[in-house]
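*Asks:* Sequence below, structure please.
(one chain, ligands or ions: 1)
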Amino acid sequence: MGRYELHLARSKPNIVNLVETVPVLDTPPLPPDWLRCEVLERSLVVHHAGITPGETVLEVGAGGHAISTLPLALEVGPKGRVFAIERSRWAQFRQIVWASGLDDRTHLVACDARHLPFRPDSVDVAACVHGVRSLGGEEAIVEVLREMFRVAPRVFLAESLPIARNNAQAAHLAMYALREQVFEATTGRKDDRHYLPLHEMSDLVEQAGGLVTKSITLEIDLPHALAYFPREMVESVPGEKEREELLHQWDEAKSLIERHGEDHPPVGVILADRHQER
Ligand SMILES: C[S@@+](CC[C@H](N)C(=O)[O-])C[C@H]1O[C@@H](n2cnc3c(N)ncnc32)[C@H](O)[C@@H]1O
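*Replies:* From the prediction side, this is the model:
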């Protein structure tokens, strides 16, 4: 039995039922159960958000597959609600949420999280799960966090940390570390920025008017196939010298993944309240 199956076997029935609604995808080289495995990881992580059944959660950076939205929707229960904020990726969101049976409490809101179309204090918790990496530079992260504290008194952040405790985590970080430079060189977009250390995320939360009440590191112990991206992307980097260097690094990262697999690095979790003196 693999670690994914082991974790699933130890999970509560409602999480097992949720994961089993998630489609098995034919998207090689990713393993067919990658989406289920990620939803299971998000379930372990959002359990630390301190959400009470019946609460309303606003989620920033929901992504195209509702990976973190589903576990948040499970946490809020039938009387709660999740507003999933996403500015550009909705690939299979509605279909996946519908299949989960949690569609009655889940609402997709297409907007930029720097300008949330919500009144002050209109939700209980604002969450961002594995999304800080996509918000842009530090200025943009603080801008989004300020909006989160405007609409909610409590904020929950979870994000991978730049820490490797084993070879499979090191393999993940080696491939992931190439994404920022390659994506920017080929698309002009700043996405999948390097993971921030936990203390730097806490600093940004405080700059945005938050008071960190809890900050912990979770050991995940699950495979994580998502750092990988095709070599062809690197082949289209314009500058020859940069391209050659990146191709070399990509080949090394790929061979690390082949040798050791790819694991979730530890995940940093931050709970923060809006600072009263703001
Ligand atoms: C890495 S994905 C995270 C998806 C999901 N939360 C998960 O757990 O896998 C981050 C998402 O944030 C979205 N995003 C980035 N900046 C945003 C912004 N300013 N407003 C709304 N969505 C944003 C991106 O489009 C992307 O889909």
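*Asks:* switch to C-alpha atoms for all contacts and neighbour counts from now on
*Replies:* Fine.
*Asks:* what's the closest non-adjacent residue to the most centrally placed residue in the chain?
*Replies:* In the chain, the residue lying closest to the centroid (Cα atoms, centre = their mean) is His130, at 1.8 Å. Nearest non-adjacent residue to His130, counting by Cα to Cα, 6 or more residues apart in numbering: Glu159, 4.5 Å away.
*Asks:* does the one you found count as helix, strand or coil?
*Replies:* Secondary structure of Glu159, reduced to three states by DSSP: H, G, I helix; E, B strand; the rest coil: strand.
*Asks:* That one bridge partners, please.
*Replies:* Gly268 (DSSP bridges).
*Asks:* if I look at the residue nearest to the centre of the chain, how far off is the ligand?
*Replies:* Noted for His130: a distance of 5 Å to the ligand, by Cα to the nearest ligand atom, to the nearest Å.
*Asks:* Near the ligand, which residues of the stretch 51-200 of the chain? Just list them.
*Replies:* Within the stretch 51-200 of the chain, the positions adjacent to the ligand are 60-64, 67-68, 85-89, 111-114, 129-131, 134-135 by Cα under 6 Å from any ligand atom.
*Asks:* can you rerun that using 8 Å?
*Replies:* 59-69, 85-90, 110-114, 128-136, 140, 144, 191-192 (Cα under 8 Å from any ligand atom).
*Asks:* Out of these, which end up buried?
*Replies:* Neighbour-count burial (16 or more other Cα atoms under 10 Å) applied to these gives 59-63, 65-69, 85-86, 90, 110-114, 128-136, 144, 191-192.
*Asks:* re the thing from before, my guess is the residue nearest to His130 contacts His264, does it?
*Replies:* No - using Cα atoms under 8 Å as the test, Glu159 is too far from His264 to be in contact (10.6 Å).
*Asks:* which residue ranges form the helices in this structure?
*Replies:* Using DSSP state H, the helices assigned to the chain run over residues 3-10, 13-21, 34-46, 69-76, 93-100, 138-151, 167-187, 198-207, 231-235, 240-260.
*Asks:* Format the CA atom coordinates belonging to the last one as PDB.
*Replies:* This means helix 240-260. What follows is helix 240-260 as a C-alpha-only set of coordinates in PDB (Å, rounded to 0.1, in the frame of the first residue of the first chain):
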ATOM      1  CA  GLU A 240      20.900  31.000 -25.300                       C
ATOM      2  CA  LYS A 241      23.100  31.200 -22.200                       C
ATOM      3  CA  GLU A 242      20.100  31.300 -19.800                       C
ATOM      4  CA  ARG A 243      18.400  28.500 -21.800                       C
ATOM      5  CA  GLU A 244      21.500  26.200 -21.700                       C
ATOM      6  CA  GLU A 245      21.900  26.700 -17.900                       C
ATOM      7  CA  LEU A 246      18.200  26.100 -17.300                       C
ATOM      8  CA  LEU A 247      18.100  23.000 -19.500                       C
ATOM      9  CA  HIS A 248      21.100  21.600 -17.500                       C
ATOM     10  CA  GLN A 249      19.200  22.300 -14.200                       C
ATOM     11  CA  TRP A 250      16.000  20.800 -15.500                       C
ATOM     12  CA  ASP A 251      17.800  17.600 -16.500                       C
ATOM     13  CA  GLU A 252      19.300  17.300 -13.100                       C
ATOM     14  CA  ALA A 253      16.000  18.000 -11.400                       C
ATOM     15  CA  LYS A 254      14.300  15.400 -13.600                       C
ATOM     16  CA  SER A 255      16.900  12.800 -12.800                       C
ATOM     17  CA  LEU A 256      16.400  13.500  -9.000                       C
ATOM     18  CA  ILE A 257      12.700  12.900  -9.400                       C
ATOM     19  CA  GLU A 258      13.300   9.700 -11.300                       C
ATOM     20  CA  ARG A 259      15.600   8.500  -8.600                       C
ATOM     21  CA  HIS A 260      13.800   9.600  -5.500                       C
END
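*Asks:* and it, how far out from the chain's middle?
*Replies:* 24 Å (Cα atoms, centre = their mean, to the nearest Å).
*Asks:* Show me which positions of that helix end up buried.
*Replies:* Arg243, Leu246, Leu247, Gln249, Trp250, Ala253, Lys254, Leu256, Ile257, His260.
*Asks:* hmm, who's touching it?
*Replies:* Residues outside helix 240-260 that contact it (Cα atoms under 8 Å, 6 or more residues apart in numbering) are 167-168, 171-172, 174-175, 178, 182, 231, 234-237.
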